[in-house]
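**Student:** Sharing a sequence plus its predicted fold:
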Amino acid sequence: MDKNIETFIGCDAEYEDSKIVIFGAPFDSTTSFRPGARFGSSAIRHESFGLEVYSPYQDKELTDYKIFDSGDIELCFGSAESALKDIEDRASEILNDGKLPLMLGGEHLVTLGTVRAAFKEHPDMHLIQFDAHCDLRDDYLGAKLSHAAVVRRCHDFMGDGKIHQFCIRSGEKSEFEFAAKHTDMHKFNFDGIKEVVSELASKKIPVYLTIDLDCLDSGIFPGTGTPEAGGVSFTDLLSAIIEVSKCNIIGADVNELAPMLDTSGMSTATACKVVRELLIAIASK
């Protein structure tokens with residue numbers, strides 16, 4: 001892979017030396033409300049230079065770890081399946097080289113590509129989802145491939161008992177009914193996360209973590225396509241990330257920042273900090 005010209009701050013190691021590989025998936029063609037998430041990955045990368053590499057929360061520096069940023073994939077906006085195939089191919093390349101893919105979205109549908117790749121390598125894997133929305137619709141206006149259906153598409157091949165959902169506070173009644181039978185849903189906050197992590201970590205089960213940034217309270221994170229009142233604080237999210245990092249993490253993503261929807265820039269700044277803390281939490285384990 002060629003090195004990206006503009007990297008996330010501190011993530012300019014050589015590919016061969018790196019444990020974690022960042023890539024961007026600038027796609028938002030199935031966004032159901034306000035578009036703009038396709039600009040999220042580049043905004044996170046650019047605005048990351050407003051941060052320090054040091055995390056006072058974890059007392060560690062990002063530059064202590066070898067992380068490679070491969071830049072954004074050029075995706076076909078007219079075909080969700082084509083875009084997902086390109087994402088899957090990039091994630092598969094990273095996984096086959098014994099490295100951990102960390103994807104920056106993009107809308108939440110992009111997660112399906114990396115989860116497909118991870119599942120091929122780790123068919124016993126579990127998925128942990130931080131999100132305001134269930135994402136369990138069987139389709140959205142007839143489309144099976146939609147950010148509103150991404151976790152349902154993951155369930156299609158992962159099956160029951162392997163998807164753990166936190167912070168959920170929005171969805172159709174049918175989605176909550178589906179979750180009651182098929183997923184492990186924790187509404188509104190991170191209650192129960194320590195128990196889930198303890199179970200998964202003790203068995204060394206491979207875990208993929210997907211973070212939809214709209215899990216955050218819309219008062220502090222308005223720059224997203226489908227904001228929902230309520231949600232968790234940044235420190236709540238940080239604590240949950242550090243908790244989940246105790247698991248055998250084999251892949252992760254951060255998605256649904258639409259930077260132009262928050263002209264203050266605070267949503268982008270928050271997304272940057274989430275990515276920094278996630279990288280440090282995973283790399284330090």
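**Tutor:** Thanks, I have the structure now. Residues are numbered from 1 along each chain as shown.
**Student:** Restricting to C-alpha, output the strand or helix carrying residue 102 in PDB.
**Tutor:** For residue 102, the host element (DSSP states H and E) is strand 100-105. As requested, the backbone C-alpha atoms of strand 100-105 are provided in PDB (Å, rounded to 0.1, in the frame of the first residue of the first chain):
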ATOM      1  CA  LEU A 100      -6.000  -4.800  12.400                       C
ATOM      2  CA  PRO A 101      -8.200  -2.600  10.100                       C
ATOM      3  CA  LEU A 102      -9.600   0.600  11.600                       C
ATOM      4  CA  MET A 103     -12.000   2.200   9.100                       C
ATOM      5  CA  LEU A 104     -13.200   5.800   9.200                       C
ATOM      6  CA  GLY A 105     -16.700   6.400   7.600                       C
END
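**Student:** Could you list the paired strands of it along with their orientation?
**Tutor:** The strands beside strand 100-105 in its sheet (DSSP bridges) come out as strand 20-25 (parallel), strand 248-255 (parallel).
**Student:** Other residues contacting the first one?
**Tutor:** Contacts to strand 20-25, defined as CB atoms under 8 Å, 6 or more residues apart in numbering, come from residues 1, 7-8, 11, 15, 41-42, 45, 65-73, 75, 83, 87, 90-91, 94, 99-106, 110, 113, 253, 255, 279, 282-283. Backbone N, C-alpha and C define where each C-beta goes, glycine included.
**Student:** make it 6 Å
**Tutor:** 8, 11, 41, 67-70, 72, 87, 90, 94, 99-106, 110, 283 (CB atoms under 6 Å, 6 or more residues apart in numbering).
**Student:** how distant is it from the center of its chain?
**Tutor:** A distance of 11 Å separates the centroid of the chain from that of strand 20-25, by CA atoms, centre = their mean, to the nearest Å.
**Student:** do the same with the last one
**Tutor:** Relative to its chain's centre, strand 248-255 lies at 6 Å (CA atoms, centre = their mean).
**Student:** So which bits of the helix or strand following that strand are buried?
**Tutor:** Downstream of strand 248-255, the first helix or strand assigned by DSSP H and E is helix 266-283. Buried residues in helix 266-283, defined by neighbour count with 16 or more other CB atoms under 10 Å: 267-283.
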